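# Build me a model from this:
(one chain, ligands or ions: 1)
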Amino acid sequence: MNDAASPPVSAKPVKDLSRAEAETELARLADAIAEADRLYHLEDAPELTDAEYDGLRRRNQAIEERFPGLKRTDSPSERVAPGPAEGFAKVRHVRPMLSLANAFDSEDVREFERRVRRFLNLRDDEPVALMAEPKIDGLSASLRYENGRLVQGATRGDGTEGENITRNLETLNDIPRNLPAGVPSVLEVRGEVYMTKEDFVALNERQAEAGAKIFANPRNAAAGSLRQLDPEITRSRPLRFFAYSWGEISEDFADSHHTFLGKLESWGFTTNPLSKLCGTVDEALAVYADIGERRHDLSYDIDGVVYKVDRIDWQQRLGMVSRAPRWAIAHKFKAEQAETVLREIDIQVGRTGALTPVARLEPVKVGGVTVTNATLHNEDEIRRKDIRVGDTVVIQRAGDVIPQVVRVIVEKRPAGSQEYAFPEHCPRCGSEARRPEGEAIRRCTGGLVCPAQAVERLKHFVSRDAFDIEGLGAKQIETYYNDGLIDRPGSVFRLKQHRRTLIGREGTKIVSTDKLLAAIEGRRTIGLDRFIFALGIRQVGQATARLLATHYGTLDALRQAMAAAADPESEAYADLINIDQIGSAVAKDLIDFFAEPHNGEVLDDLDNELSIEAFEAPTLAADSPVAGKTVVFTGTLQTMGRSEAKARAESLGAKVAGSVSKKTDYVVVGADAGSKAAKAEALGVRILSEEDWVALIDG
Ligand code: IVH
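You can find the predicted model right below:
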């Protein structure tokens, strides 16, 4: 493995490495393994033999075992699923593939049911039947059938856009290629691709014999098997599929989820046999308890139970919020725990300067995955739990959540241990770290001079829900920043000026550089909502970014409005605060961001490099009678809950505001309306009864 073609790793035996050498070696191995993974998974062009590749991994493992404190955050032993595949074509989901909100205890589930009732404005004695289904720990996939023939299979991707993996999905026995006559002419069936525990063990044995990659758990094995560029490899892997939902359909074919599952069965799909229709929340919780007890005897991994409102007309009314349906929730199983030693506390600096303590742990297996880091949240958390370096701690991991330190086992505390003193200066730039009254978080005050913040902002800028630039991950951002190739968001779009330098880097190939540069070029056009999110303004997540994009339409309008809103007496300020869900705290962060001269320069710079598209309102909305209108609801509505009214209005392109102003177009008054109705009258705003409103939107 040390011939000229293999990566330049030192040949020194692990036992002879000094700490400093080990550190350099781990960095080199991380790079070499990442590059090998990329070539193997994404380009289907491995340059190392399997034995050479395993050699690199074993060496990495051995060094990490000798120097656990040196284990990198991007350690190859922690990295599981391969990165985004570049070899698959993109597929846009006509109906987004949603994720699920989580419930962690039965009270969360009861609250979910109450929320559903409130939203639909149901009488207390009206039963809400729920379907309880195991939550399969696999990968979701969408299968599109046209006239009964499978024409496309796709991954979830970011929910809006996935990858076309039709040829791979076709190889699964559980996935019919043709459906019987009578199915809707367009039918997207969605479900979970998974591998059984037994098949996973057998696959790893075969992989080990062949000197090939060993998978950490069945989910990763399923992911790795599905994302093969060669479908024959997928065919050789024992993948299975449970169907549980649908995407685009040309006609309705069921009025309840349980009859839908029955239809799926009759069409040749496999649905989960443990799924159960429950008349009440209590019944649903009993199913959870039962499945939880049998969990370890099941032949496949599950990580909870999903409850779905059974009536499909109700599902439709409930709709979705921030990429998750209001009509379903995932009740997660309790986290798995383990005991280990905390070796160090590191302080990470986030993009808004927040100092976050991270526990570096003696590696330990929890729920099938080796854990080396855990979050400690903030300084109060450390003090409250009295967590000290050298302590033996209980850690837990739940689903994809970052592992946490639950408690210290004080009896095992080494003698002479010291209480942890949280730093009062930024570990990266040395600036004072201040903690405002009443806040839990201490922040570096270095702002623009702090390199850690700059790098984190750049990482956020290119991340998946922002600019989503393939091939430009956290690691590259860090290197390019340190080498002075990028320093501000706009400079990402000038990276092509450094093509030669990039190509000249150790281990970098011309093709991969050009691929990266092409990926960057491909992102010069971006929607305003993503753009706003990418700026990384404090408290402005995807949902708020979307609200702002819808409200202001263009970047210029947004910038002008934020400048004007600096005056709290201005109409611009009132207008901003009036956007539902934007309160004074978010408004302050927005105004501060746009008032900062450096941010102005960053925006001008980006504006030059990019074409920012006005926010695309949902298609339904364009010709709706209330598109672009501002509506205020007040009083108690009879036919629907307040949230449903609001969601309906928004889906038709209206803006829903919390208070009445000159800009309000309609005030919809329900029973017992108070001052808002009076104010509308005074301002001459059009007042509608609930009936008028329903007639207007349905008419
Ligand atoms: S329903 C609109 N049902 O869990 C409904 N999802 O955390 C969306 N999952 O992305 C999904 N088992 O990959 C549903 N019985 C089940 C499921 C299930 C597993 C996955 C699915 C989804 C994720 C959300």
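# From here on, just use CA atoms for contacts and neighbour counts.
Will do.
# Which residues of the stretch 101-250 of the chain lie near the ligand?
133-137, 139-140, 192, 244 (C-alpha under 6 Å from any ligand atom).
# among these, which are in strands?
Using DSSP state E, the subset of these located in strands is 133-136, 139-140, 192, 244.
# Just flag the most distant two among the residues you listed.
The largest separation in those, counting by C-alpha to C-alpha, is between Glu133 and Leu139 at 15.8 Å.
# Between the two, point out the one with more neighbours.
Counted by other C-alpha atoms under 10 Å, Glu133 and Leu139 do not tie: Glu133 has more neighbours, with 24 against 17.
# Using the three-state scheme, assign Thr550.
Three-state call for Thr550 (DSSP: H, G, I helix; E, B strand; the rest coil): helix.
# what's the pLDDT at it?
Note on Thr550: pLDDT of 87.
# Pretty sure Phe615 is one of the things it touches, is it not?
Yes. Under the criterion of C-alpha atoms under 8 Å, Thr550 makes contact with Phe615 at 5.9 Å.
# can you confirm Phe606 is in a helix?
Heads up, residue 606 is Leu, not Phe. Yes. Using three-state DSSP, the assignment for Leu606 is a helix.
# Roughly how far does it sit from the ligand?
34 Å (C-alpha to the nearest ligand atom, to the nearest Å).
# Local confidence estimate at that residue?
For Leu606, pLDDT reads 96.
# Equivalent analysis for the one 10 residues further on, please.
In this prediction, Glu616 carries a pLDDT score of 64.
# swap in the one 3 residues further on?
For Thr619, the model assigns a pLDDT of 49.
# who in the chain is up against the ligand?
Along the chain, the residues adjacent to the ligand under the rule C-alpha under 6 Å from any ligand atom are 98-100, 133-137, 139-140, 192, 244, 306, 325.
# Pick the one among the residues you listed closest to Leu555.
Looking across these and measuring by C-alpha to C-alpha, the closest to Leu555 is Leu98, at 28.2 Å.
# Give the phi and psi angles for Val201, as a check.
Phi and psi for Val201, reported as degrees, to the nearest 10, are phi -60, psi -40.
# And it, how far from Ser106?
Distance check for Val201 against Ser106: by C-alpha to C-alpha, to the nearest Å, it reads 34 Å.
# hang on, Gly292 in a helix?
Yes. Per three-state DSSP, Gly292 lies within a helix segment.
# Pull the contacting residues for it.
Neighbouring residues of Gly292 by C-alpha atoms under 8 Å, 6 or more residues apart in numbering: 304, 333.
# Report the set of residues contacting both of Thr550 and Phe615.
Asp529.
# Taking the residues of the stretch 101-250 of the chain next to the ligand, tell me the two that lie furthest apart.
Largest separation among those by C-alpha to C-alpha: Glu133 and Leu139, giving 15.8 Å.
# What's the per-residue pLDDT of Glu681 here?
So, for Glu681, pLDDT stands at 88.
# How about Ala673?
78.
# Who are the packing partners of the helix ranked longest in the chain?
If each helix of the chain is counted by residues according to DSSP state H, the longest one is helix 19-37. Packing partners of helix 19-37 (3 or more C-alpha pairs under 8 Å, 6 or more residues apart in numbering; DSSP states H and E): helix 50-66.
# C-terminal to the helix it packs on, what's the next element?
Where DSSP states H and E defines the elements, the next helix or strand beyond helix 50-66 is strand 90-92.
# Return the set of buried residues in the longest helix of the chain.
Buried residues in helix 19-37, counted by 16 or more other C-alpha atoms under 10 Å: 22-23, 25-37.
# what about Gly465, neighbour count?
Residue 465: Asp, not Gly. With other C-alpha under 10 Å as criterion, Asp465 counts 16.
# surely it meets Ile532?
No. With contact defined as C-alpha under 8 Å, Asp465 does not count as touching Ile532 (10.9 Å).
# Quickly list what's touching both of these two.
Counting by C-alpha under 8 Å, 6+ apart, Asp465 and Ile532 have no shared contacts at all.
# Just name the closest of the residues of the stretch 101-250 of the chain next to the ligand to Gly69, please.
Asp137 (31.3 Å).
# about what we covered before: let's have the residues of the stretch 101-250 of the chain next to the ligand in a markdown table, adding pLDDT.
Formatted as a markdown table, these follow (pLDDT from 0 to 100):
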| residue | pLDDT |
| --- | --- |
| Glu133 | 98 |
| Pro134 | 97 |
| Lys135 | 96 |
| Ile136 | 96 |
| Asp137 | 92 |
| Leu139 | 94 |
| Ser140 | 95 |
| Glu192 | 97 |
| Tyr244 | 97 |
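# what does stretch 102-122 contact?
123-124, 128, 281, 285, 314, 317-318, 326-327, 329-334, 638-644.
# Out of the residues you listed, name the ones that lie in helices.
Among these, the ones falling in helices (DSSP H) are 281, 285, 314, 317-318, 642-644.
# Reformat the residues you listed as a markdown table; add distance to Ala673.
A markdown table is the format used below for those (distance: C-alpha to C-alpha, whole Å):
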| residue | distance to Ala673 |
| --- | --- |
| Val281 | 33 |
| Leu285 | 38 |
| Trp314 | 27 |
| Arg317 | 24 |
| Leu318 | 24 |
| Arg642 | 13 |
| Ser643 | 17 |
| Glu644 | 18 |
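# Whichever residue of the stretch 51-200 of the chain sits closest to the ligand: neighbour count?
In the stretch 51-200 of the chain, the residue found nearest to the ligand is Lys135; the distance is 3.5 Å by C-alpha to the nearest ligand atom. Residues lying near Lys135 (other C-alpha under 10 Å) number 20.
# Any idea what it is bridged to?
Gly304 (DSSP bridges).
# what about the helices in the stretch 351-500 of the chain?
379-385, 451-462, 474-482, 499-503 (DSSP state H, counting those that start in this stretch).
# how far does the last one sit from the chain's center?
Relative to its parent chain, helix 499-503 has a centroid offset of 32 Å by C-alpha atoms, centre = their mean, to the nearest Å.
# pLDDT weak spots in this protein?
Counting by pLDDT under 70, the chain contains low-confidence residues at 1-10, 38-51, 54, 78-86, 367-368, 398-401, 506, 616-622.
# Going by length in residues, pull out the top strand of it.
strand 336-349.
# and it, what does it pack onto?
Judged by 3+ C-alpha pairs under 8 Å, 6+ apart, strand 336-349 is in contact with strand 355-366, strand 392-397.
# Parallel or antiparallel, list what pairs with it.
Applying DSSP bridges, one finds strand 336-349 paired with strand 355-366 (antiparallel), strand 392-397 (antiparallel).
# List of residues touching the shortest one?
Same thing as strand 392-397. Here strand 392-397 has contacts from 335-342, 366-367, 374, 403-410, 412-413, using C-alpha under 8 Å, 6+ apart.
# ok, of the residues you listed, which come out buried?
By neighbour count, with 16+ other C-alpha under 10 Å, these hold 335, 337-342, 366-367, 374, 403-408, 413 as buried.
# State the distance from Gly268 to Tyr145.
From Gly268 to Tyr145 the distance is 13 Å (C-alpha to C-alpha).
# quick one: which of the two has more around it?
Tyr145 (24 against 15).
# for the more buried one, helix, strand, or coil?
Tyr145 ends up strand, using three-state DSSP.
# switch to numbering from 403
Renumbered: residue one is now 403, and that last one reads Tyr547.
# for Ala686, what are its contacts?
So Ala686 contacts 532-534, 680, 709 (C-alpha under 8 Å, 6+ apart).
# Distance check, it against Leu1054.
Distance from Ala686 to Leu1054, counting by C-alpha to C-alpha: 34 Å.
# again, but for Ala823
In terms of C-alpha to C-alpha, Ala823 sits 54 Å off from Leu1054.
# Of the two, which one has the most company?
Using other C-alpha under 10 Å, the more surrounded residue of Ala823 and Leu1054 is Leu1054, with 23 against 10.
# and that one, how far is that from Glu437?
From Leu1054 across to Glu437, the span is 47 Å (C-alpha to C-alpha).
# what do you get for Glu783?
From Glu783 to Glu437 the distance is 38 Å (C-alpha to C-alpha).
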